[in-house]
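Asker: Just a sequence and a predicted model for now, questions to come.
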Amino acid sequence: MAQKETAEQKLMKIIEASKKAKAAASGEASAELAPKNSGKHFSVNIYQFNIFLVVCMVASFIFFGYEIRNGMALLQEPVSFYVDVHSSKESSRIFVPQMKSIAYYLDKMNSRNIFQPYEKKVVVDNVVSLKAAFEKKMSKFRIVGIAWLDVPESATVMLEDTSTHMTHFLKEGDKVEDVIVKTIYTDRVVFTRANEEITIKL
């Protein structure tokens, strides 16, 4: 004799049926909302990415090894400073250093003791002769007067050449013969020539 379903069993069947109906409805809705596969989706997994990185590393090592090998080969080649005399005009414009004989460099090394401080040799006779020649040249000039306006840059010196009796009106930076007017003061003027200076007072 079949057992009669109780009220609790009937209630459980109704609840299970409603759950199945809700699950079926939600499955249909998600299927409708899901985008269609366009066939252009691109995906890369970790394994493929690692393979790509390994290939890049191997290619980098090969490239650097090739560059090092070429550099070592260039270091082994002899250096030549030979200049072809019959080269074209364009190639002759290129500066190529000329190696001097070993005697030249030995002479430079032996010219002074490297363990003592360097002292520049000054040719006193030449300096004295230049100074004397400059003083002799300036002895024929005489300052007649100095004039200026509101600013010091407008200062002008009137320099008379006693040999020709010609007066020159000069400002700072002007040149008379090969002598340059360096500085004009109120009572004197500084002249310069070939790194030599002389002062003539008014």
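Answerer: Cool, the structure landed.

Asker: can we go C-alpha only for contacts and neighbour counts from here?
Answerer: Fine.

Asker: and residue 69, how many residues sit next to it?
Answerer: Residue 69 has 11 neighbours, counted by other CA atoms under 10 Å.

Asker: check which helix or strand covers it.
Answerer: helix 46-76 (DSSP states H and E).

Asker: residues in contact with residue 131?
Answerer: residue 196 (CA atoms under 8 Å, 6 or more residues apart in numbering).

Asker: And the pLDDT at it?
Answerer: You'll see residue 131 listed with a pLDDT of 81.

Asker: thinking again about what came up before, give the buried residues for the helix holding residue 69.
Answerer: Across helix 46-76, burial judged by 16 or more other CA atoms under 10 Å covers no residue at all.

Asker: How far does that helix sit from its chain's centre?
Answerer: Distance, stretch centre to chain centre, for helix 46-76: 31 Å (CA atoms, centre = their mean, to the nearest Å).

Asker: Give the other helices and strands that that helix contacts.
Answerer: On a contact count with 3 or more CA pairs under 8 Å, 6 or more residues apart in numbering; DSSP states H and E, helix 46-76 meets no helix or strand.

Asker: Give the residue spans of this protein that score low on pLDDT.
Answerer: Low-confidence segments of the chain (pLDDT under 70): 1-5, 26-42, 80-98, 112-114, 116-128.

Asker: And residue 151, its phi and psi?
Answerer: Per-residue torsions, residue 151: phi -110, psi 150 (degrees, to the nearest 10).

Asker: Going forward, the N-terminal residue is numbered 52.
Answerer: From this message on, residue numbering opens at 52, which makes the last subject residue 202.
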